[in-house]
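# Take a look and give me a structure for this.
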Amino acid sequence: MNSVLKLTLKLNATFMLLAVTSLATAQNATVQAPGTQRITSAVSTPTGMAQAMPLTAAGQARDHLRKQAADWMAAQTGASADSIRVGALDGRVDPPNCDNGYRFDFPFESRNTIRANCDNPVRQYYLRVAVERPRQRVVLARPMAAGELISPSDLVVREGSANAAGLDNPALLIGRSLRRAIAAGEAPQAGDVEEVASVLRATTDQRAGEAISAAGFRAELVPRSRVPAGAITRTEDLSRARLRRDVAADTVLVSDDLTDTRPVVVARRNLMRGETLDAGSLEVIEMDRRALPADHLSSIQGLEQGEMTGTVRAGEPLRASMLRPALLVRKGQTVMLTVARAGIEISIQVEALEDAKLGDQVKLRNPESGKALAGLVIGRGAVRAL
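Predicted structure coming up:
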C-alpha cells in the first residue's frame, strides 16, 4: 500500500513539472522586443498548422550591419547601393548594436572583402562583397511587326540589371527576321528571330521560254520559314536558264519553273557498237541540264577517232562511258610509214607487228628487207617514223 502511494505521488509530481515547463516555453515564445520585425518561417505545431517565427534581435543586428556595409561600399565605388551584394553572416554570429556605428575598410588588395570594426563594444567582422555591374541589352528603337528585317537603325543598346533578359550583341539580330511583333523598348530574345534567304520574285507576268532578266525579277530577302520548297536562292547559275512555264507577277521563282540548258554532244545519226567516230558523226546542241546523264560530253574536241562501245540513236547525248580510243593500227595490217629526211618525205608500206591507238608507238617491219622499224601512230593506218 505504501509502495502504491509513493508511486502515485511521483507520477503527480512529474505531470506538474511538465505542465510548468510547457507554460514557461509558451510564454517565452510570445515575448518580443518592441518594434521587432517578424519573418515567416514554417514550423510544425501540434495540429500540423504553420505559424510565424519572430526575427530575433541578433537577426536584426546582422541585417543592419550588412546594410551599413552596402552603403559604405556604394560610397567607395560610386555604384548604387542596390547593386551591392553583401554576403550573409553566419547565423552563429551575434553582432551587437554598435554605439558609434561601424568603421569599414578594405583589408585586402582584392577589395572583395570588407572589414567592419566596432569600438564599443569592441568587435571585428569580415564580410564578402561584390558590385553587380549593369548589363547591356539590345532593345528595339521602334515597334516592329512579325516578318520585318532588323537593320542597325532599328536597335538601341541600353543598360539593365545583370539578370535582365535579352541579347547584348546587336550582330546577333541585324539582318534577321522577327518571328513575332515586338514593341519599341522591348528586348528581342534569341528565339524571336530567324535567318533569312534571298529569293527571286517576279515583278511582272513572265512567259514560258523567256530568259531570266533583272527587269522581270527582283532579289528579295525573306524569312527561311517562308521560303517555298525548291526556291531559287542562288542567281549566279541562271545565265543559261529559261522559263519552262508561265510565272505570275509576285511569285517566287522555284526550280520547277526553269529549263536550265547546257551544251551537250549528241549523235547526228545512229551510231553502232565498234564504229569509229568522225567529224560528221557528232554535233553540239543545248539541252535541259536535268535531262542529261552525269557523264555527258560538252565538246567534240578529242572525240574523233574514238570507238563506240555501245549504240546511240540520233539526237541522244553521247556519254564518256560509251567511248574508248579506237585501234587505228592492227597487228598484221599494212600501214603507211612516213619518213622525213633533209626536208624530203618518203612514204613506204610496212607491216604492223602489234595493235596501236592514236599517239602510241608501234613496232613495224619492212616486208622487203625484213628490217624492224618503229613509228608513232598519227591516224588510221598512218605512222610517222621515229
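
# Please count neighbours and contacts with C-alpha atoms only from this point.
Noted.

# Would you map the helices across the chain?
Ranges of helices in the chain, per DSSP state H, are 2-30, 57-77.

# least reliable of those going by mean pLDDT?
Lowest mean pLDDT within the helices of the chain: helix 2-30, at a mean of 37.

# Show me where this protein dips below the pLDDT cut-off.
Scanning the chain with the threshold set as pLDDT under 70 gives 1-55, 160-163, 235-237.

# Please parse it into its domains.
Here the domain parsing of the chain from automatic domain parsing is 57-131, 135-194, 196-253, 261-325, 328-385.

# possible to save those domains as CSV with mean neighbour count?
Converted to CSV, the domains of the chain look like this (neighbours: other C-alpha atoms under 10 Å):
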stretch, mean neighbour count
domain 57-131, 15
domain 135-194, 17
domain 196-253, 16
domain 261-325, 17
domain 328-385, 17
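
# N117: what's its closest spatial neighbour, skipping adjacent residues?
Among residues not flanking N117 along the chain, Q124 sits closest, at 4.6 Å (C-alpha to C-alpha, 6 or more residues apart in numbering).

# cool, L376 as well?
Distance criterion C-alpha to C-alpha, 6+ apart; nearest residue to L376, sequence neighbours excluded, is Q361 at 4.5 Å.

# still on that earlier bit, residues in contact with the residue nearest to N117?
Q124 sits next to 115-118 when contact means C-alpha atoms under 8 Å, 6 or more residues apart in numbering.

# now it: how far from V266?
According to C-alpha to C-alpha, to the nearest Å, Q124 and V266 sit 99 Å apart.

# next one: Y102
Distance of Y102 to V266, given as C-alpha to C-alpha: 99 Å.

# ok, now A320?
For A320 relative to V266 (C-alpha to C-alpha), the value is 12 Å.

# pretty sure V339 contacts S347?
Yes: contact status for V339 versus S347: in contact at 6.1 Å, counting by C-alpha atoms under 8 Å.

# ok, back up a step: for the residue nearest to L376, which residues are in contact?
When contacts are counted by C-alpha under 8 Å, 6+ apart, Q361 touches 374-377.

# What about those residues, which are in strands?
374-377 (DSSP state E).

# Could you export those residues to a markdown table, including columns for distance to M144?
What follows is the ones in strands among the contacts of Q361, written out as a markdown table (distance: C-alpha to C-alpha, whole Å):
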| residue | distance to M144 |
| --- | --- |
| A374 | 84 |
| G375 | 81 |
| L376 | 77 |
| V377 | 76 |
